[in-house]
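J.: just coords:
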């Protein structure tokens, strides 16, 4: 399995090639989209990208954990975690299948 990573620079280059904006405008567009997504998630909003998936913030309550080295129980503080739920279209593409017509996932 290839170990390549898609970076912001790769996204910027894709926007540049596809849309035809300048490289600076493409980079700014990518940054603006990512900033908007981060701001929405920080406010606790859900970010849904049709045919891709849904990002959401979930609140986890305090619980007791265990230090694996010593076996001592330690409290794990309450926190917010980011969760991603892929759409059925993305799942189909990843599995090499033809996605079914989109329904509001």
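T.: Perfect, thanks for sending it. Worth saying up front: this structure is predicted, and the values here are computed from it rather than measured.
J.: which non-adjacent residue is nearest residue 92?
T.: residue 99 (3.9 Å; Cβ to Cβ, 6 or more residues apart in numbering). For glycine as for every other residue, the C-beta is placed from the backbone atoms N, C-alpha and C.
J.: next, count neighbours for that neighbour.
T.: A count of neighbours around residue 99, defined by other Cβ atoms under 10 Å, yields 14.
J.: cool, residue 28 as well?
T.: Residue 28: 14 neighbours (other Cβ under 10 Å).
J.: show me what the helix or strand where it lies is packed against.
T.: Take DSSP states H and E as the rule and residue 28 turns out to sit in helix 23-42. Secondary-structure packing of helix 23-42 (3 or more Cβ pairs under 8 Å, 6 or more residues apart in numbering; DSSP states H and E): helix 8-19, strand 47-49, strand 53-60.
J.: before we move on, the earlier item: contact partners for the residue nearest to residue 92?
T.: 51, 88-89, 92-93 (Cβ atoms under 8 Å, 6 or more residues apart in numbering).
J.: distance of it relative to residue 51?
T.: To residue 51, residue 99 is 8 Å away according to Cβ to Cβ, to the nearest Å.
J.: and for these two, which residues touch both?
T.: Residues touching both residue 99 and residue 51 (Cβ under 8 Å, 6+ apart): residue 89.
J.: picking up where we left off before, dump the helices and strands packed on helix 23-42 into JSON lines; add distance to residue 73 as well.
T.: As requested, the helices and strands packed on helix 23-42 are exported to JSON lines (distance: least, Cβ to Cβ, whole Å):
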{"stretch": "helix 8-19", "distance to residue 73": "41"}
{"stretch": "strand 47-49", "distance to residue 73": "36"}
{"stretch": "strand 53-60", "distance to residue 73": "17"}
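J.: just send these back as CSV, with mean neighbour count and distance to residue 37 too.
T.: As requested, these are exported to CSV (neighbours: other Cβ atoms under 10 Å; distance: least, Cβ to Cβ, whole Å):
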stretch, mean neighbour count, distance to residue 37
helix 8-19, 14, 13
strand 47-49, 15, 5
strand 53-60, 14, 7
